[in-house]
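> below: sequence and its predicted model.
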Amino acid sequence: MRSFFAGLAAAALALGAGCGSSGSDTDKTLPFVGNWTVTTGTLTAMCPAPLNAQMQKLDGGQQTITKGADGSLSIAILPGCNVILDVTGMVATLRATTPPQSCMLMFMGLPVQGTFTAGNFTVTDQTASFSYSGTAALGAIACPVTSVGMSMKSAATMDAGPFDGP
């Protein structure tokens, strides 16, 4: 379960992280796009007994944020599990959908349903803060999950400007 929660937290971090550049100087996703590393963060699940509360440090987790065709951001929470964020200024917010964004994950050989109800990623220069919430469900066991932390943009993506072509 620890790996599952670490992955969810990294994803939450990425929610606020970044997007890709379209090559335009007015591209609102530019500050978000790229690779980010969690500098400090925790993921907390408040599960019923016998699992009880679980806390996982997210420090060192990697996130990649890409730009969607509609100007949104996509962040991978876990392999094969992406969520979509919308950008306003320097804040990327989890896109509200009905039903909420979710994906099936394999955890300890069992299918786990992750559902995401809120999240944001706020960029300040090359650092970002993030928070998110949702539910992790394994069969009939549902655990409310929250995550908070800070990320730093990887050096390789800090200097990358828009691609102008040959």
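Nice, thanks for sending it over.

> now the strands: where do they sit in this protein?
34-46, 53-57, 62-67, 73-78, 81-88, 91-94, 101-107, 110-124, 127-138, 141-153 (DSSP state E).

> which stretch in these has the least confidence?
Mean pLDDT is lowest for strand 101-107 among these, at a mean of 73.

> returning to what we had before: quick one: closest of the strands of the chain to residue 28.
Closest of those to residue 28 is strand 81-88, at 4.9 Å (criterion: CB to CB). The way it works is simple: take the backbone N, C-alpha and C, and place the C-beta from them, glycine included.

> coming back round to it: now the strands of the chain in JSON lines, with mean neighbour count and distance to residue 26?
JSON lines is the format used below for the strands of the chain (neighbours: other CB atoms under 10 Å; distance: least, CB to CB, whole Å):
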{"stretch": "strand 34-46", "mean neighbour count": "21", "distance to residue 26": "18"}
{"stretch": "strand 53-57", "mean neighbour count": "15", "distance to residue 26": "38"}
{"stretch": "strand 62-67", "mean neighbour count": "21", "distance to residue 26": "13"}
{"stretch": "strand 73-78", "mean neighbour count": "23", "distance to residue 26": "16"}
{"stretch": "strand 81-88", "mean neighbour count": "19", "distance to residue 26": "12"}
{"stretch": "strand 91-94", "mean neighbour count": "22", "distance to residue 26": "17"}
{"stretch": "strand 101-107", "mean neighbour count": "17", "distance to residue 26": "27"}
{"stretch": "strand 110-124", "mean neighbour count": "18", "distance to residue 26": "16"}
{"stretch": "strand 127-138", "mean neighbour count": "21", "distance to residue 26": "21"}
{"stretch": "strand 141-153", "mean neighbour count": "20", "distance to residue 26": "20"}
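
> dump those into JSON lines; add distance to residue 28 as well.
As requested, the strands of the chain are exported to JSON lines (distance: least, CB to CB, whole Å):
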{"stretch": "strand 34-46", "distance to residue 28": "15"}
{"stretch": "strand 53-57", "distance to residue 28": "32"}
{"stretch": "strand 62-67", "distance to residue 28": "10"}
{"stretch": "strand 73-78", "distance to residue 28": "10"}
{"stretch": "strand 81-88", "distance to residue 28": "5"}
{"stretch": "strand 91-94", "distance to residue 28": "10"}
{"stretch": "strand 101-107", "distance to residue 28": "21"}
{"stretch": "strand 110-124", "distance to residue 28": "11"}
{"stretch": "strand 127-138", "distance to residue 28": "15"}
{"stretch": "strand 141-153", "distance to residue 28": "16"}
